[in-house]
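predicted structure and sequence below. I'll ask about it afterward.
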Amino acid sequence: MFGMVLVITLAFVVIFKLDFFSKNNSPQPSLTTREGAGPKIVKIGNKTLNLEIADMGEERVRGLSGRESLPANTGLLFVFEKEEKHGIWMKDMNFPIDIAWLDKNKQIIHIEHNVSPDTYPKIFTSNAPALYILEVNASFFEKSNIKIGDTAKFD
């Protein structure tokens, strides 16, 4: 039984990666050099975060993988073309994070707290379609009293 679950999970991961690369397989400029790469700041409640943006296939697959840390008061915002049940994994991650899924109205619809790199190859998704995913340092949402139903404002 476990073997079949593992095979199905790995097949989903491969399809997930192939889908992203097939949509955009050309090299892309980095987040810091591309002009107009989306909002640069998000405000949720009384908290403000500087944002890095992942809005292209390769950036979305890479996410925060391979980094040693995420600077304080910084988040990685995944921006998608349409609302779907987008998945996040912890492949090649070196530190735990919080993950929030936001709908088209920028309302938080799901949060995963303190997701460990050890959870890979598990894929985390929301129960409802999302247009954005925000990754921040672990415990940020709890310490900041940010919860499901809160709305983000992008600048």
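Arrived safely, thanks for sending.

poorly predicted segments of the chain, please.
Applying pLDDT under 70 to the chain picks out residues 1-38.

ok, 80 please
Counting by pLDDT under 80, the chain contains low-confidence ranges at 1-39.

so in it, which strand runs the longest?
Secondary structure assigned by DSSP state E gives strand 74-84 as the longest strand of the chain.

what strands flank it, and is each parallel or antiparallel?
Looking at strand 74-84 with DSSP bridges, its partner strands are strand 47-54 (parallel), strand 130-137 (antiparallel).

enumerate every residue touching the most centrally placed residue in the chain.
By CA atoms, centre = their mean, the chain has its centre lying nearest to Ile133, at 4.3 Å. Contacts here follow CB atoms under 8 Å, 6 or more residues apart in numbering; on that basis Ile133 touches Leu77, Phe78, Phe80, His86, Ile88, Ile99, Ala100, Trp101, Leu102. For the C-beta atoms, the positions are set from N, CA and C on the backbone; glycine is no exception.

if I pick the last one, what's in contact with it?
Right, Leu102. If you count contacts by CB under 8 Å, 6+ apart, Leu102 has them with Ile108, Ile109, Ala130, Leu131, Tyr132, Ile133, Leu134, Ala152.

report the beta-bridge partner residues of it.
Counting by DSSP bridges, Leu102 forms beta bridges with Ile108, Tyr132.

any idea how far it lies from Lys147?
Per CB to CB, to the nearest Å, Leu102 is found 13 Å from Lys147.

ok, now the second one?
From Phe78 across to Lys147, the span is 20 Å (CB to CB).

who's more crowded, these two?
Each of Phe78 and Lys147 has its neighbours counted (other CB atoms under 10 Å); Phe78 has more, 22 against 13.

wouldn't the more buried one be in contact with Ile99 here?
No: Phe78 is beyond contact range of Ile99, at 9.5 Å (criterion: CB atoms under 8 Å).

what sits in contact with each of those two?
Counting by CB under 8 Å, 6+ apart, the residues touching both Phe78 and Ile99 are Ile88, Ile133, Leu134, Glu135.
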